[in-house]
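Q: Fold the following and give me the result.
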Amino acid sequence: MARTTVTRDTMGSPSLTIGTRNVVDAGNFFKGQLDEIKLFDGPLNEAQVRAAMQSPVPREFAVAFRDGVLPASLAAQRAALRRNLTLLEDQAREMRAQIPPEPRMAMAIREGGTPDSLFPGIQDVPKHNRGRYDRLGKVVPRRMPQFLAGMNQPVIAKGSGRRELAEWIASEDNPLTARVIVNRVWQHHFGKGLVGTTNNFGLLGAEPTHPELLDWLACWFIDNGWSLKKLHRLIVTSATYQQSSWQDRAIVRRDAANHMLTRMPSSRLESEPLRDAMLAVAGRLDHRRGGPAKGRNDVPRRSLYIQTRRFDRNDYAMLFDCANPEQVVAQRSVSITAPQALFLLNNTFVKQQAKALAARVSEEVQRAGGHGCSESTNCCFPGQRPSWNWPLLKNSSPVHRTATRVGTNTPNCCWQATNSFMWSRVRRLAFHGPALVTSLRWSSARGSACSPFTTLVRRWRR
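A: All right, here's what the predicted structure looks like:
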């Protein structure tokens with residue numbers, strides 16, 4: 001027999017398939033498992049096939065299989081093997097417990113590259129004349145543009161220059177960074193920045209309404225170590241921030257847009273603070289910090305820990321002008337639509353918080369010894385007494401009209417009997433009103449120093 005050497009074949013796959021035909025449409029004919037495979041150099045006759053199929057079995061195993069009882073020696077070996085297996089499993093369990101946990105990993109950037117390739121790494125590159133890659137000019141060293149950082153720049157001898165760029169951005173020679181940060185913080189507290197175009201401080205942007213104030217805050221921010229905490233404290237303790245939101249007609253006539261900051265501007269709460277405020281006044285807000293994000297919107301955790309999906313945003317976030325996670329938004333838009341009012345009146349989440357608030361107010365009123373609607377009202381609005389239109393709301397209720405028509409002189413008992421029914425709806429109306437949806441501040445001459453629901457949140461935050 002001559003040995004054949006294959007130099008080229010037309011086989012589509014180098015693997016050997018056993019148990020099926022070399023036909024795509026035939027499918028697998030063999031569905032079992034192969035325990036032992038023997039390959040021979042040539043074809044076998046009938047006697048060779050019969051001999052190959054017979055496997056030698058030890059005599060003691062053959063006797064045990066025939067009688068159904070293992071010999072004493074084999075039983076002892078099995079027991080010894082089981083004991084050794086149990087011991088090894090215990091040792092493996094102890095060794096796994098001693099393995100230290102894997103350290104936390106984070107994505108990082110490493111400087112480097114391969115010279116004379118598509119990714120050459122860090123090196124000085126030539127200038128592209130008129131932006132064309134095929135018309136190269138002289139080699140330009142790594143540094144900031146001269147029209148921004150000037151001529152006297154240190155040479156970057158090592159590295160890509162990212163650190164030098166960060167130091168220049170946060171240096172005293174670049175006042176733009178401090179002005180932008182101060183303007184963002186001012187916009188956070190007042191609803192509108194000193195520069196109206198928050199993301200554009202260039203020639204096409206708006207001019208600052210108070211340029212001296214903006215420069216002073218930027219210098220103060222740099223002198224205090226770029227501390228955002230100190231900047232927030234400076235703004236919220238200022239007389240401008242502590243003004244009332246009451247609009248005097250004479251002042252409004254002269255400064256309708258409030259450019260001169262003659263009053264504290266009123267602004268609607270964003271979607272996250274609005275949801276947290278409803279949970280807070282209902283006493284269900286979870287104040288724990290950290291932890292995994294939650295996918296559902298009805299959990300009592302803060303909105304900061306609600307998971308945001310780009311392609312599956314919840315209706316609440318879209319309805320109340322939550323920022324699009326796919327874009328960088330410098331200032332959120334504020335819209336007033338009918339679906340927002342319908343959501344606050346009919347949504348299941350709002351109804352649950354209203355019921356929880358009604359139950360909590362009732363418990364506090366009973367603990368204080370009161371039983372009527374007046375005590376419940378005073379408990380719900382501890383920072384401000386009921387206004388003149390509260391008797392109209394009380395007298396217009398169907399429960400009060402029924403009690404008056406049948407001659408009952410104590411309508412408070414009827415209010416107590418329908419406490420959970422009526423007060424849950426009153427709380428829903430309160431959630432829908434401007435006291436919760438809008439951030440207002442009243443002077444002491446016209447009521448409390450803040451919104452009644454703000455006082456309620458502070459009262460029950462503990």
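Q: Would you state the strands of the chain in chain order?
A: Along the chain, the stretches classed as strands by DSSP state E are 125-128, 136-140, 267-268, 438-439.
Q: any chance of those in TSV, plus distance to residue 325, mean pLDDT and mean neighbour count?
A: Bear in mind the C-beta positions are built from the backbone N, C-alpha and C, glycine included. As requested, the strands of the chain are arranged in TSV below (distance: least, Cβ to Cβ, whole Å; pLDDT from 0 to 100; neighbours: other Cβ atoms under 10 Å):
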stretch	distance to residue 325	mean pLDDT	mean neighbour count
strand 125-128	35	87	12
strand 136-140	38	89	10
strand 267-268	21	80	16
strand 438-439	24	58	18
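Q: Quick one: the ones you listed as a markdown table, columns for distance to residue 51 too.
A: Listed next are the strands of the chain as a markdown table, based on distance: least, Cβ to Cβ, whole Å:
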| stretch | distance to residue 51 |
| --- | --- |
| strand 125-128 | 77 |
| strand 136-140 | 80 |
| strand 267-268 | 91 |
| strand 438-439 | 94 |
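Q: shaky segments in this structure?
A: Judged by pLDDT under 70, the chain has its weakly predicted residues at 1-4, 6, 8-30, 55-71, 110, 112-115, 117-120, 368-462.
Q: Per the annotation, how does it divide into domains?
A: Dividing the chain into domains by automatic domain parsing, as the record does, gives the ranges 175-254, 346-460.
Q: How about residue 267: what's its closest non-neighbour residue?
A: Leaving aside its chain neighbours, residue 267 sits nearest to residue 191 (3.8 Å; criterion: Cβ to Cβ, 6 or more residues apart in numbering).
Q: Now do the one you found against residue 247, distance only.
A: Applying Cβ to Cβ, to the nearest Å, one obtains 15 Å for the distance of residue 191 from residue 247.
Q: ok, back up a step: I'd like to know which of the strands of the chain is closest to residue 111.
A: Ranking the strands of the chain by their distance to residue 111 (criterion: Cβ to Cβ) puts strand 125-128 first, at 15.2 Å.
Q: Mind giving me the packing neighbours of that closest one?
A: Strand 125-128 is packed against strand 136-140, with contacts defined by 3 or more Cβ pairs under 8 Å, 6 or more residues apart in numbering; DSSP states H and E.
Q: residues touching residue 136, list them.
A: Applying Cβ atoms under 8 Å, 6 or more residues apart in numbering, we find residue 136 in contact with 126-129.
Q: Kindly recompute the last result at 10 Å.
A: 125-129 (Cβ atoms under 10 Å, 6 or more residues apart in numbering).
Q: Considering these, which is situated nearest to residue 272?
A: Checking those against residue 272 with Cβ to Cβ, the nearest one is residue 125 at 44.9 Å.
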